[in-house]
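*Asks:* requesting a structural model of the entry that follows:
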Amino acid sequence: MQGQEFSTAGCYEWLQGSKPKVPWARLVWNAWVMPKHQFFGWLFAHGALRTNDRLVQFGMDIDDSCFLCAQASEGANHLFFECAYSKQVTCSINQKLNCHFPENQVLDWCLQRTGTKMQIGVQAAVVWGAMYHIWQEETGAGLKGS
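*Replies:* The predicted model follows:
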């Protein structure tokens, strides 16, 4: 290793080892997306969002119905794509921003975006931001807190 300079980034990369790139990374870790929405997107991509159905799977004795509509078990798919509340939000986004919010499979939708880097970044920011705030309403930062 003579002749090579030490760098913290190089050391960190060596410690981690090589990892395969995931196709959704450019949409989550995007300069246009707020950091808290990036973390949310990472949790979503890994299926690790705290939703009532997951809490029940972990042994919590709670009602797993959707807090926003009370019409179905609250999983990520229901919360973001089937819930009447989230459908109103996404319909409004579609009308006002002409963003064509995904009806399901948000990661696939994001990967199919075309346009300039800025257009793709803004669309990703809108989608992750909307999904984050729907999730916040459900988790209590919105409706439960009032």
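
*Asks:* and the helices in this protein?
*Replies:* Using DSSP state H, the helices of the chain run over 8-16, 25-28, 35-45, 52-57, 76-77, 84-97, 106-111, 117-139.

*Asks:* show me what the third one is packed up against.
*Replies:* Under the contact criterion of 3 or more Cβ pairs under 8 Å, 6 or more residues apart in numbering; DSSP states H and E, helix 35-45 touches helix 25-28, helix 106-111, helix 117-139. Using the backbone N, CA and C atoms, a C-beta is placed for each residue, glycine as well.

*Asks:* can you lay out the ones you listed as CSV showing distance to Ala76?
*Replies:* Shown next, in CSV, are the helices and strands packed on helix 35-45 (distance: least, Cβ to Cβ, whole Å):
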stretch, distance to Ala76
helix 25-28, 15
helix 106-111, 10
helix 117-139, 9
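
*Asks:* start and end of stretch 18-36, how far apart?
*Replies:* 26 Å (Cα to Cα, to the nearest Å).

*Asks:* just the buried residues of it, please?
*Replies:* Using 16 or more other Cβ atoms under 10 Å as the test for burial, stretch 18-36 gives 24, 27-28, 30, 32-33.

*Asks:* next one: stretch 86-95
*Replies:* Going by neighbour count (16+ other Cβ under 10 Å), the buried part of stretch 86-95 is 86, 89-90, 93.

*Asks:* one more: stretch 60-67?
*Replies:* By neighbour count with 16+ other Cβ under 10 Å, stretch 60-67 contains the buried residues 64, 66-67.

*Asks:* noted, bye for now.
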